[in-house]
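>>> From the sequence below, what's the structure:
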Amino acid sequence: MSTRRRAREVSLQVLYQFDLNPSAASVDYKPFLYARLQNSASVIFSKALVEGVSQHQQQIDGLLDQRSEHWRVSRMASTDRAVLRLAVFELACSDTPGPVVVDEGIELARRYGSANSAPFVSGILGRCLDDREELRKSLQEEVNPADA
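Sure, this is the predicted structure:
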């Protein structure tokens, strides 16, 4: 398993924990990353994913709601929701090639989700990939306090 794939997997585990137990988000999760990942580059990548998804979760959920037919993010399985959030953040805020992000998301869904997770995640991430530039703009816009 590649180091980035492993970092995504560990990030998914943290995000899943936060989703099931929101109070866990206030606990320091970094020891978990260090225990699971063997090199500092993987820890840095995983930490960036977890923090990015956590900071932008409302925006990410809104983008997912727009791209999922007949599904609201709140009704999705927790594993699928965590995979989708992770992949949308990486699509919007990294230089990782889009098809790689989508493939990694599908693999995480296949490994950790139900029998229907991989096709479900694939369909939504396909739409997200088509809208990658819009995702980037949506997540990278910062609210100017003077405009508020």
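>>> rest of the way, CA atoms for contacts and neighbours
Will do.
>>> Can you list the buried residues in stretch 120-139?
By neighbour count with 16 or more other C-alpha atoms under 10 Å, stretch 120-139 contains the buried residues 120-122, 124-126, 128-129, 132, 135-136, 139.
>>> what's in contact with the worst-scoring helix or strand of the chain on mean pLDDT?
None of the helices or strands of the chain scores lower by mean pLDDT, DSSP states H and E than helix 132-140, at a mean of 87. Contact with helix 132-140 is made by 56, 59-60, 63, 88, 91-93, 98, 128, as judged by C-alpha atoms under 8 Å, 6 or more residues apart in numbering.
>>> For PyMOL, write the selection for the buried entries among those.
For the buried members of these, the matching PyMOL selection, counting by 16+ other C-alpha under 10 Å, is:
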select buried, resi 59+60+63+88+91+92+93+98+128
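>>> who touches the most centrally placed residue in the chain in this structure?
The centroid of the chain falls nearest to Leu86 when counting by C-alpha atoms, centre = their mean (0.7 Å). Residues near Leu86 by C-alpha under 8 Å, 6+ apart: 11-12, 49-50, 53, 105.
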